[in-house]
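S.K.: give me a model of this one.
(4 chains)
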Number of protein chains: 2
Amino acid sequence: MRGPPWWRGKLKDAGFRLTLPRQIILNVLTTTPKHLSAEEIFLLVHKKYPGIGLATVYRTLDLLTDMNLISKFDFGDGRSRYELIGRSRKGYHHHLVCVGCGRIVNFSDFAERERSFIQNLEIELSQRYKFKIDSHRIYFYGVCKDCQ
Amino acid sequence: MRGPPWWRGKLKDAGFRLTLPRQIILNVLTTTPKHLSAEEIFLLVHKKYPGIGLATVYRTLDLLTDMNLISKFDFGDGRSRYELIGRSRKGYHHHLVCVGCGRIVNFSDFAERERSFIQNLEIELSQRYKFKIDSHRIYFYGVCKDCQ
DNA sequence: CTACTTGCAAATAATTTGCAACCAG
DNA sequence: CTGGTTGCAAATTATTTGCAAGTAG
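M.R.: Residues are numbered from 1 along each chain as shown, chains lettered A, B, ... in the order given. Alright, predicted model coming up:
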């Protein structure tokens, strides 16, 4: 954690100010591996800096989503969840969702095999439906060990 | 549309009553191809039978989702959308979402190629993460022709 | 200085729930 | 009959917005 944080330039380059709330929120997102909801993030942020409001958390998450620094997910429990986007191919992954307890596991094990399968598909779909495709998400649903 | 509707037995077998609201709602779902939100369904239902309330629509959609007769989707616009599950393999498909206008296209063109890819994956994921996997969803995101 | 940001409170929007009346079996 | 269902209104939940005050550049 030495030197300026990686997201510093991203914000400035995009013309946004480097404010304390944004820094705290990005810090939480960077140091937490889970799929956090806005409120969970707010709670964590609130511990370090009680002055930051929930609305600011929402606004910042929106901003970061627009900037493509984080991804917004919906796993069907009525609240959105946010996750940092890795800066390399490493950040690429999909999700395995337990329909019992809602637990979510990231996986990226098969990225290699996926590539060719998805690439062909994207080309085909692009042509057939005249869509310019730029991303995809795959979700698997099942029951985790504890819930079986 | 002759004879008893296909879902009649499904409800009775599961021990639920065959009420007018449920019939109207199922009828709307059966005769509409789109990904309808609860409110859109309510509006359509309301035209035929103004007495049916929005809460009943929500309760019925929940019931049908639990019974696995319909699927509940979230395309990120803050409202859930519902779609009938086909009774044969034909109902099997994924979605192409336009990030511009929110338009959603179903596709199932590649079901054959998908099968082997997904099957291997499921086996592997099941073992590695000790999940009993029973379904998956694939979403592609892009820009449709009109929005380009 | 001066926009961009924020905090707070109030406003929205979607969905859920309590409960008395209703009706399918 | 009678318990599953419904309609309505009120309650909840997540998220958004208005606006005066704060602050990064």
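S.K.: check which residues of the helix-or-strand element of chain A with minimal mean pLDDT are buried.
M.R.: Least confident helix or strand of chain A, by mean pLDDT, DSSP states H and E, is helix A:111-129 with a mean of 90. Neighbour counts over helix A:111-129 (16 or more other Cβ atoms under 10 Å in any protein chain shown) mark A:114, A:117, A:118, A:121, A:122, A:125, A:129 as buried. For the C-beta atoms, the positions are set from N, CA and C on the backbone; glycine is no exception.
S.K.: from residue A:86, how far off is the first one?
M.R.: It stands for residue A:114. Counting by Cβ to Cβ, to the nearest Å, the gap from residue A:114 to residue A:86 is 16 Å.
S.K.: please see if stretch A:92-101 touches chain B.
M.R.: Yes - against chain B, stretch A:92-101 shows contacts by Cβ under 8 Å from any Cβ of the partner chain at A:96, A:98.
S.K.: distance of residue A:124 relative to DNA strand C?
M.R.: 32 Å (Cβ to the nearest atom of the strand, to the nearest Å).
S.K.: which residues does that residue contact?
M.R.: Residues near residue A:124 by Cβ atoms under 8 Å, 6 or more residues apart in numbering or on different chains: B:109, B:110.
S.K.: and it, how far from residue B:58?
M.R.: For residue A:124 relative to residue B:58 (Cβ to Cβ), the value is 37 Å.
S.K.: repeat for residue A:129
M.R.: 32 Å.
S.K.: which non-adjacent residue is nearest residue A:141?
M.R.: In this structure, residue A:141 finds its nearest non-sequential neighbour in residue B:135, 4.8 Å apart by Cβ to Cβ, 6 or more residues apart in numbering or on different chains.
S.K.: that neighbour in helix, strand or coil?
M.R.: strand (DSSP: H, G, I helix; E, B strand; the rest coil).
S.K.: contacts only, for it.
M.R.: Residue B:135 neighbours (Cβ under 8 Å, 6+ apart): A:140, A:141, A:142.
S.K.: ok, of the residues you listed, which one's closest to residue B:17?
M.R.: residue A:141 (29.4 Å; Cβ to Cβ).
S.K.: name the nearest of the contacts of residue B:135 relative to DNA strand D.
M.R.: residue A:141 (20.1 Å; Cβ to the nearest atom of the strand).
S.K.: wasn't that closest one part of a helix?
M.R.: No - according to three-state DSSP, residue A:141 belongs to no helix; its state is strand.
S.K.: so it touches residue A:95, yeah?
M.R.: No - assessed by Cβ atoms under 8 Å, residue A:141 is found out of contact with residue A:95, at 9.4 Å.
S.K.: which one is residue A:16 nearest to, not counting chain neighbours?
M.R.: In space, and not counting its chain neighbours, residue A:16 is closest to residue A:63: 6.9 Å by Cβ to Cβ, 6+ apart.
S.K.: so which helix or strand takes in that neighbour?
M.R.: helix A:54-66 (DSSP states H and E).
S.K.: can the helix or strand just after that helix be said to contact chain B?
M.R.: For helix A:54-66, the following helix or strand on the C-terminal side (DSSP H and E) is strand A:70-74. Yes - judged by Cβ under 8 Å from any Cβ, strand A:70-74 and chain B are in contact via A:72, A:74.
S.K.: show me what the following helix or strand past strand A:70-74 is packed against.
M.R.: Heading C-terminal from strand A:70-74, the first helix or strand you meet, by DSSP H and E, is strand A:80-84. Under the contact criterion of 3 or more Cβ pairs under 8 Å, 6 or more residues apart in numbering or on different chains; DSSP states H and E, strand A:80-84 touches helix A:20-31, strand A:36-37, helix A:38-48, helix A:54-66, strand A:70-74.
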